[in-house]
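Engineer: return a 3D structure for these sequence lines:
(chains A, B and C)
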Amino acid sequence: MPELPEVETVKRGIIELVGEKSYLKKVELMRQDLRFPIPPDLVRRFKNVEISNITRRAKYLMFHTPKGVLISHLGMTGTWREKEKGEKLRTHDHVLMHLKERILVYNDPRRFGSFEYCESENLDSFVRFKHLGPEPLDEEEFNLEYLWQKSRKKEIPIKNFIMDQKVVVGVGNIYAAEALFLSAIKPTRKTKSITKKEMESLIVNIRMVLESAIEAGGSSISDFKQAGGESGYFQNHFNVYGREAEDCFVCSAKIKNISIGGRSSFYCSRCQL
DNA sequence: AACAAGACCTGTAAGC
DNA sequence: TGCTTACAGGTCTTGT
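Structural biologist: Next up is the predicted model:
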C-alpha cells in the first residue's frame, strides 16, 4: 500500500524498531531480481556497514551508509517486517537485512519493488531520482507558481497530472482521488482548464490528505512488526476511493468509478465539476 | 515533446 | 466446485 504516506509510515516504523542508527551485518538476497536486476555487487558493498540514517524520497526508502545509499522501492505490494526468532521464511520473502539485533524482511508478491544503490550521498545523481519533481510537503518547492507554470498547455486529465512523479512525487491513485474530491475538481478535467484558485486549493488538499494519512499511519506503527503497516489506517477516512455506488458524505449522490489512464478513478459527480 | 498504451508480476474476488 | 477473467496502492518502456 505504498504511496507517500505508507512509505513514510514504514520508514518511521523501521526507525522506531531499530533506532536512528544501526549496524547492517549483511544483506541476503533470496533472488537476484525484483522489478530490476539487483546490482551484483550490492551484497558485497553493504556488508558490515553502519546505517547512519533512514530517510524517504518520493516513494523510495533509503538506508544511508558510508558505502553509499541503499535505495528500495515497495512497488505495489512490498512490505517490511521483522523476522521473529525461529520464524520460517514466507512465500515472496525476497530480501533479508541482517542487523545486529534483528532481521528485517522485505516481502513482495508482485515484485514491482526494487533494490538499488547510489554510491554518493548526492542523490540527484541516482538515475531514478533524476526526473523526480518536488516533495509535496515541501512548501518552498511545491507551490502555486511552480504548479501553475507546469500546468499551462497540459491537455492530460488533472488526475494524471498530479500523479505524474515528474510534476510532484508521492501522490498515487488513492490520494489523487481524495485530493481532487476535497478540491471539488472532476478528475477528467484537462489540466490547463484548472483555474488558479482551484490549483491553489489542490495544493492545499494534496498536502492535507497526505499529512492526515501520515498521521493515521502513525497509529499503526506498532503493527510494523506484524505486517508492515496494514491496519490502523487512513482507509476509514476515504471520501471517494473504493466507494463506488456508495453515497457521497457531502451530497449523498452515488460515487462513480471511471477509468482514467487505465486506473480506476472514484469521484462524486455532483460535488466535483 | 506530449501523451496513450503496453509491460512487468502474483493474488484475490467475481462471474459463469 | 472449478475454470476464466478482471483488477489491484507503481513506473518504466514502447508506440503514436
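Engineer: point me to the residue of chain A nearest DNA strand C.
Structural biologist: residue A:172 (1.9 Å; Cβ to the nearest atom of the strand). In this view, the C-beta of every residue, glycine as well, is placed from N, C-alpha and C.
Engineer: tell me the contacts of the closest residue to that residue other than its chain neighbours?
Structural biologist: Closest residue to residue A:172 apart from its sequence neighbours, by Cβ to Cβ, 6 or more residues apart in numbering: residue A:3 at 3.7 Å. Counting by Cβ atoms under 8 Å, 6 or more residues apart in numbering, residue A:3 touches A:59, A:170-175, A:213.
Engineer: at 7 Å instead, please
Structural biologist: Under the criterion of Cβ atoms under 7 Å, 6 or more residues apart in numbering, the neighbours of residue A:3 are A:59, A:170-172, A:174-175.
Engineer: again, but for residue A:167
Structural biologist: With Cβ under 7 Å, 6+ apart, residue A:167 has these contacts: A:133, A:150, A:161.
Engineer: not counting sequence-adjacent ones, nearest residue to it?
Structural biologist: residue A:133 (4.9 Å).
Engineer: does that neighbour really touch residue A:168, like I thought?
Structural biologist: Yes - if you go by Cβ atoms under 7 Å, residue A:133 and residue A:168 touch, sitting 4.7 Å apart.
Engineer: quick one: which of the two has more around it?
Structural biologist: residue A:168 (25 against 19; other Cβ atoms under 10 Å).
Engineer: share the number of residues neighbouring residue A:65, please.
Structural biologist: With other Cβ under 10 Å as criterion, residue A:65 counts 19.
Engineer: where are the low-confidence patches of the stretch 1-150 of chain A?
Structural biologist: Filtered on pLDDT under 70, the stretch 1-150 of chain A yields the residue ranges A:1.
Engineer: go with 50
Structural biologist: Applying pLDDT under 50 to the stretch 1-150 of chain A flags no residue at all.
Engineer: thinking again about what came up before, tell me which two of the contacts of residue A:3 sit farthest apart.
Structural biologist: A:59 and A:174 (12.4 Å; Cβ to Cβ).
Engineer: element containing residue A:90, please.
Structural biologist: Counting by DSSP states H and E, no helix or strand carries residue A:90.
Engineer: repeat for residue A:249
Structural biologist: Going by DSSP H and E, residue A:249 is not in any helix or strand.
Engineer: apart from its chain neighbours, what residue comes closest to it?
Structural biologist: Leaving aside its sequence neighbours, residue A:249 sits nearest to residue A:239 (Cβ to Cβ, 6+ apart; 6.0 Å).
Engineer: can you confirm that neighbour is in a strand?
Structural biologist: No - under DSSP: H, G, I helix; E, B strand; the rest coil, residue A:239 sits outside any strand and is assigned coil.
Engineer: for it, give me its contacts.
Structural biologist: So residue A:239 contacts A:178, A:181, A:249 (Cβ under 7 Å, 6+ apart).
Engineer: where's it relative to DNA strand B, distance?
Structural biologist: Residue A:239 sits 22 Å away from DNA strand B, going by Cβ to the nearest atom of the strand, to the nearest Å.
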